[in-house]
Structures are given as structure tokens and as C-alpha cells.
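Peer 1: Okay, sequence plus prediction incoming.
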Amino acid sequence: IIRQVGVGRSNLEIASELGLSVGTVKNHLSQVMDKLDLRDRTQLAIYAIRHGIV
């Protein structure tokens with residue numbers, strides 16, 4: 001999911017590609033951002049790029 005955000009995909013696009021519901025994607029994103037102490041998707045995308053996930 002982090003990789004998908006890093007390349008700019010929306011929650012709907014991520015859900016479709018991974019076979020998940022949009023709600024599940026949102027839950028995973030919230031959990032990841034909480035664990036990484038990030039405020040929003042933009043910070044998560046930057047994190048993904050800086051850490052070579054993308």
C-alpha cells in the first residue's frame with residue numbers, strides 16, 4: 001500500500017489493484033501513518049520515495 005501511495009494512486013485505485021475494499025485501504029493507511037508518525041498521504045509518499053520503497 002505504501003508503494004501504491006508513493007506512485008500517486010488513489011485509495012480506489014489501490015483497492016482495485018490489490019483486491020481490497022476502499023475501507024480496508026483507508027484503515028491500513030491510517031495504521032501505517034500512525035506507526036510512522038506521519039500526518040497525511042503526502043508525507044507517506046515522500047517517506048516511500050526517501051526510503052527506496054518506490
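Peer 2: That came in fine, so what should we check first?

Peer 1: Just the helices from this protein, written as ranges.
Peer 2: For the chain, helices defined by DSSP state H occupy the ranges 2-6, 11-18, 22-36, 41-50.

Peer 1: residues in contact with the last one?
Peer 2: Spelled out, that is helix 41-50. 2-3, 5-6, 8, 29, 32-33, 36, 38, 53-54 (CB atoms under 8 Å, 6 or more residues apart in numbering). From N, CA and C alone the C-beta is placed, and that goes for glycine too.

Peer 1: Go through those and name the one with the lowest pLDDT.
Peer 2: The lowest pLDDT within the contacts of helix 41-50 belongs to Val54, with 90.

Peer 1: Looks like that one contacts Gln4 (just checking).
Peer 2: No. Between Val54 and Gln4 there is no contact under CB atoms under 8 Å: 9.2 Å.

Peer 1: The two: which has the busier surroundings?
Peer 2: Between Val54 and Gln4, Gln4 has the larger neighbour count (other CB atoms under 10 Å), namely 20 against 15.

Peer 1: Might you report the residue contacts of Leu29?
Peer 2: So Leu29 contacts 1, 5, 11, 41, 44 (CB under 8 Å, 6+ apart).

Peer 1: Could you give me the ChimeraX selection string for whichever of those are buried?
Peer 2: What follows is the ChimeraX syntax selecting those of the contacts of Leu29 that are buried according to 16 or more other CB atoms under 10 Å:
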select :1,5,11,44
